[in-house]
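Novice: With the sequence up front, the predicted model follows.
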Amino acid sequence: MLDIKFVRENPEIVKENIKKKFQDEKLPLVDEVIVLDAEKREAQKKADELRANRNRLSKEIGNLMAQGKKEEGMALRAKVKEQADELEALSKRESELSERLTSIMMIIPNIIDDSVPIGKDDSENVEIQRYGEPVVPDYEIPYHTDIMESFGGIDLDSAGRVAGNGFYYFMGDIARLHSAVLAYARDFMIDRGFTYCIPPFMIRSAVVEGVMSFAEMDAMMYKIEGEDLYLIGTSEHSMIGKFIDTIIPEDKLPQTLTSYSPCFRKEKGAHGIEERGVYRIHQFEKQEMIVVCKPEDSKMWFDRLWQNTVDLFRSLDIPVRTLECCSGDLADLKVKSIDVEAWSPRQQKYFEVGSCSNLSDAQARRLKIRVKGENANYLAHTLNNTVVAPPRMLIAFLENNLQADGSVRIPEVLRPYMGGAEKIEKK
């Protein structure tokens, strides 16, 4: 969410940013916000004047009554009562204006970074760099669930009967591999100086509204019926929420956390949820990283975060590339985002396995995450990035480590988490 003062003073910059995001339908909102803000400030000014006048008159009434001038005191009391009714009406109007103003400000997009490429949708995202040589072996790479089934490692039929499409049972070596990847990712991030955290898996609506747009909320979040709680769709929401309504001492920054959590998504309107696979599902597990830092440090941390994901995937012998998200593909709170995509030998193309985002002070403004500076408090910057998110990541892992005999090689760094095994073999 933008600072209302910035919108008031820079309406053309805000409008130009909306155009860059191809959201022209939001252009009239900028003018509406400016009008509402002026009305609100005027109502606030009048209300403050009435409060000051009420306090002054109250003292006068006290003095008059003390002097025995009851008639004059009663006359002033009538005037105070009249102004109290006016003040009540002004306060109500001020509240209505504030509510409307906030609801509009929540849907005006954040100002994107100057480096973001301009494009309408993800088809216009820009490749930045490739890491590792993408290989297509001279033997067939089966569909990922067929590979898993060859190890007796997945049961989609039972999951369908128990929970429906978009769920799975992992079994045996595949289940162990799933847990091994998460444990390795946890230790990988701890070794890079991040504090390990297991967050709440449900969050209140105030946190949901603070970390994401309404459109994202509707498409992603599962609501707990009868309670002010949502199942988290991604773990950074709970992690950023940890700092809601806090003032962090400047010398305690940056806050660098890595978290494990299950994640739950409706995947509303998503294609592929009916497919027999684990690429797009309602439930998955994730290792995440978040940073809360000074504004001047957020660009540096952004580059560090996505590099962590690249390094982790390369340590598992998986070729990846980085992709700069264009303006039209950026969620409204983000100023810049880079996706990390892994190579699929079967499809002979890359697919998304992680996303790194810089949200500047947008989440901090909504959640009131402030920093206690030397001279004054100011808003922090927040960033997040996927370390690894199986089961999707397992698709890339299995395809890139599948051997001609149907076994799957275990990279050296992962072997301690797999009981020392160098490979898993077909059952």
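Specialist: Okay, I see it. On a predicted model such as this, the values are computed, not experimentally measured, just so you know. Numbering: from 1, shown residues only.

Novice: where does the stretch 51-200 of the chain dip in pLDDT?
Specialist: For the stretch 51-200 of the chain, the stretches flagged by pLDDT under 70 are 54-55, 57-58, 60-61, 63-64, 66, 70, 73-74, 76-82.

Novice: Distance of Ala47 relative to Phe313?
Specialist: If you measure Ala47 against Phe313 using C-beta to C-beta, to the nearest Å, the figure is 57 Å. Quick note: C-beta positions are derived from backbone N, CA and C, even for glycine.

Novice: Name the residue in those two with the higher neighbour count.
Specialist: More neighbours surround Phe313 than the other of Ala47 and Phe313, with 26 against 18 (other C-beta atoms under 10 Å).

Novice: Packing partners of the longest helix along the chain?
Specialist: As assigned by DSSP state H, the longest helix anywhere in the chain is helix 27-66. Applying 3 or more C-beta pairs under 8 Å, 6 or more residues apart in numbering; DSSP states H and E, one finds that helix 27-66 contacts helix 4-9, helix 11-20, helix 70-105.

Novice: The last one packs against which elements?
Specialist: Using 3+ C-beta pairs under 8 Å, 6+ apart as the contact criterion, the elements in contact with helix 70-105 are helix 4-9, helix 27-66.

Novice: Distance to Ser235 for those - can I get that in CSV?
Specialist: Below are the helices and strands packed on helix 70-105 laid out as CSV (distance: least, C-beta to C-beta, whole Å):
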stretch, distance to Ser235
helix 4-9, 30
helix 27-66, 32
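
Novice: thinking again about what came up before, relative to helix 11-20, how tilted is the longest helix of the chain?
Specialist: Taking axes from the mean of the first three to the mean of the last three C-alpha atoms, to 10 degrees, helix 27-66 and helix 11-20 form an angle of 140 degrees between their directions.

Novice: report the angle between the axes of helix 27-66 and helix 70-105?
Specialist: Using the same axes, to 10 degrees, helix 27-66 lies at 160 degrees relative to helix 70-105.

Novice: so how far is helix 27-66 off the chain centroid?
Specialist: 37 Å (C-alpha atoms, centre = their mean, to the nearest Å).

Novice: Can you mark which positions in it are buried?
Specialist: For helix 27-66, burial by neighbour count (16 or more other C-beta atoms under 10 Å) applies to 29-30, 33-34, 36-37, 39-40, 43-44, 47, 50, 61, 64.

Novice: and which of the residues you listed is nearest Gly233?
Specialist: Leu29 (26.1 Å; C-beta to C-beta).

Novice: Look up how far Gly241 lies from that closest one.
Specialist: Leu29 is 27 Å from Gly241, by C-beta to C-beta.

Novice: Equivalent analysis for Ser205, please.
Specialist: Between Ser205 and Gly241 the computed distance is 11 Å (C-beta to C-beta).

Novice: ranges for the helices of the stretch 151-300 of the chain?
Specialist: 156-162, 172-191, 205-211, 214-220, 235-241, 298-315 (DSSP state H, counting those that start in this stretch).

Novice: and the longest one, what other elements does it pack with?
Specialist: Judged by 3+ C-beta pairs under 8 Å, 6+ apart, the packing partners of helix 172-191 are strand 195-197, strand 255-264, strand 283-293, helix 298-315, strand 381-388, helix 392-401, strand 423-424.

Novice: rerun at 6 Å
Specialist: strand 283-293, strand 381-388 (3 or more C-beta pairs under 6 Å, 6 or more residues apart in numbering; DSSP states H and E).

Novice: Quick one, which of those gets closest to Leu333.
Specialist: strand 381-388 (9.3 Å).

Novice: Direction included, what does the closest one pair up with?
Specialist: Its sheet considered, strand 381-388 pairs with strand 283-293 (antiparallel), strand 349-358 (antiparallel) by DSSP bridges.

Novice: any idea which helix or strand comes after the last one?
Specialist: What it means is strand 349-358. Next helix or strand after strand 349-358 toward the C-terminus (DSSP states H and E): helix 362-367.

Novice: continuing past that next one, what's the next helix or strand?
Specialist: For helix 362-367, the following helix or strand on the C-terminal side (DSSP H and E) is strand 369-372.

Novice: List the buried residues in that following strand.
Specialist: By neighbour count on 16+ other C-beta under 10 Å, the buried set for strand 369-372 is Ile369, Arg370, Val371.

Novice: mind checking how far the closest residue in space to Asp317 that isn't next to it in sequence is from Tyr139?
Specialist: Computed as C-beta to C-beta, 6 or more residues apart in numbering, the closest residue to Asp317 that is not its neighbour in sequence is Pro411, at 5.2 Å. Here the criterion is C-beta to C-beta. By it, Pro411 lies 19 Å from Tyr139.

Novice: So for the two, which residue has more residues nearby?
Specialist: Counting neighbours by other C-beta under 10 Å for Pro411 and for Tyr139 shows that Pro411 has the greater number, 16 against 11.

Novice: Backbone dihedrals for the more buried one, please?
Specialist: Backbone torsions for Pro411, taken as degrees, to the nearest 10, come to phi -60, psi 150.

Novice: Just the pLDDT for it.
Specialist: Per-residue pLDDT puts Pro411 at 97.

Novice: Then the one 10 residues further on?
Specialist: pLDDT recorded at Ala421 is 97.

Novice: That one: how many residues sit nearby?
Specialist: Neighbour count for Ala421, taken as other C-beta under 10 Å: 15.

Novice: Quick one: residues contacting it.
Specialist: Ile410 (C-beta atoms under 6 Å, 6 or more residues apart in numbering).

Novice: Validate this expectation: it resides in a strand.
Specialist: No - assessed with DSSP: H, G, I helix; E, B strand; the rest coil, Ala421 is coil; it does not lie in a strand.

Novice: do you know how far it is from Gly406?
Specialist: Distance of Ala421 to Gly406, given as C-beta to C-beta: 15 Å.

Novice: what does Ser261 give?
Specialist: Counting by C-beta to C-beta, the gap from Ser261 to Gly406 is 33 Å.

Novice: Pick out whichever of the two has more residues nearby.
Specialist: Ranked by neighbour count (other C-beta under 10 Å), Ser261 and Gly406 place Ser261 first, with 22 against 13.

Novice: The residue lying closest to that one once chain neighbours are set aside - how many residues pack around it?
Specialist: Excluding its sequence neighbours, the residue lying closest to Ser261 (C-beta to C-beta, 6+ apart) is Ser235, at 3.8 Å. Counted with other C-beta under 10 Å, the neighbours of Ser235 add up to 30.

Novice: so how far is Glu285 from Ser235?
Specialist: Ser235 sits 9 Å away from Glu285, taking C-beta to C-beta as the criterion.

Novice: again, but for Glu324
Specialist: Distance from Glu324 to Glu285, by C-beta to C-beta: 27 Å.
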